[in-house]
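Q: Turn this into a structure:
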Amino acid sequence: MKEKLNCTLCETPTYFYKKDKSKNYYRCPNCDAILLHPNYYLPSIKEKAHYQTHNNDVEDIRYQNFVLPIIKQVINNYDKRHNGLDFGAGTGPVITKLLTDKGYNISLYDPFFWNDETALLNKYDFIILSEVIEHFHDAKKEFNLLNSLLNEKSSLIIRPSPNTIFIIPIIFWL
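A: The predicted model follows:
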């Protein structure tokens, strides 16, 4: 029998979904979130060490092309007077580099590599999350934080995987 787990986004009781690489995953029947059981979360020091193995070189043309759909979304929906936040920017903030090179005002925040809490005191017109939300341990807490950082009529630009981008206009968050 698998342990019970409440969804970290909507708090609904989840059900066992699958076991992958000896880790248990759960699915929420309400919001369809898929959650890794907290017993499998890495300690912070190991999580940071894992992220340091990522090769996110800001000069790497392949990585620049990888984030290009995000850059296009920002350019198509915002101009240079809008303020953005690259939340979870990682070891090489390619998105920030490409947008600042085009004259955009982008702030950085990453709990491991750009842990400047003053970035969390400002308001933004858009927040970019590229391959970040799948790492949230407490999704509701993180989305409430993100919501508190957004101006009215602002957006989260979310890329949870290489083939998907969501633009979520935020009107209100419960």
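Q: From here on, just use CA atoms for contacts and neighbour counts.
A: OK.
Q: Can you give me the buried ones in stretch 28-48?
A: For stretch 28-48, a neighbour-count test (16 or more other CA atoms under 10 Å) marks C28, A33, I34, L35, L36, H37, K48 as buried.
Q: quick check: domain ranges of this protein?
A: 1-41, 61-170 (automatic domain parsing).
Q: Skipping adjacent residues, who's closest to C31 in space?
A: Distances taken as CA to CA, 6 or more residues apart in numbering put C10 closest to C31, at 7.1 Å, once the chain neighbours are dropped.
Q: same check, this time on E134
A: In space, and not counting its chain neighbours, E134 is closest to P160: 6.6 Å by CA to CA, 6+ apart.
Q: Report whether the expected contact of L5 with Y17 is present.
A: No: in this structure, L5 is not within contact of Y17 by CA atoms under 8 Å, at 11.3 Å.
Q: what's the weakest-modelled helix or strand in the chain?
A: Here the helix or strand of the chain ranked lowest by mean pLDDT, DSSP states H and E is strand 164-170, holding a mean of 51.
Q: related to what we said a few turns ago, okay, and the common contacts of L5 and Y17?
A: With contacts defined as CA atoms under 8 Å, 6 or more residues apart in numbering, the residues shared by L5 and Y17 are Y26.
Q: buried residues in the longest helix along the chain?
A: Criterion DSSP state H: the longest helix present in the chain is helix 61-77. Across helix 61-77, burial judged by 16+ other CA under 10 Å covers Y63, Q64, V67, P69, I70, I71, V74.
Q: Relative to N24, how far out is the closest residue to P111 other than its chain neighbours?
A: Using CA to CA, 6+ apart and skipping the chain neighbours, the partner closest in space to P111 is G88 (7.1 Å). Distance, G88 to N24, by CA to CA, to the nearest Å: 25 Å.
Q: can you map out the strands along the chain?
A: 15-20, 23-27, 34-36, 83-87, 105-109, 124-130, 150-161, 164-170 (DSSP state E).
Q: and of the ones you listed, who's closest to N56?
A: Nearest to N56, of all these, is strand 124-130, at 12.1 Å by CA to CA.
Q: what does the closest one rub up against?
A: Outside strand 124-130, the residues within contact range by CA under 8 Å, 6+ apart are 70, 82-89, 146, 149-161.
Q: Just give the strands next to it in its sheet, each with its orientation.
A: Strand 124-130 has these partner strands in its sheet, going by DSSP bridges: strand 83-87 (parallel), strand 150-161 (parallel).
Q: okay, the angle between it and helix 61-77?
A: Orientation check (axes from the mean of the first three to the mean of the last three CA atoms, to 10 degrees): strand 124-130 against helix 61-77 gives 150 degrees.
Q: Specify which residue of G88 and N24 has the higher count of neighbours.
A: Between G88 and N24, counting by other CA atoms under 10 Å, G88 is the more crowded of the two (22 against 18).
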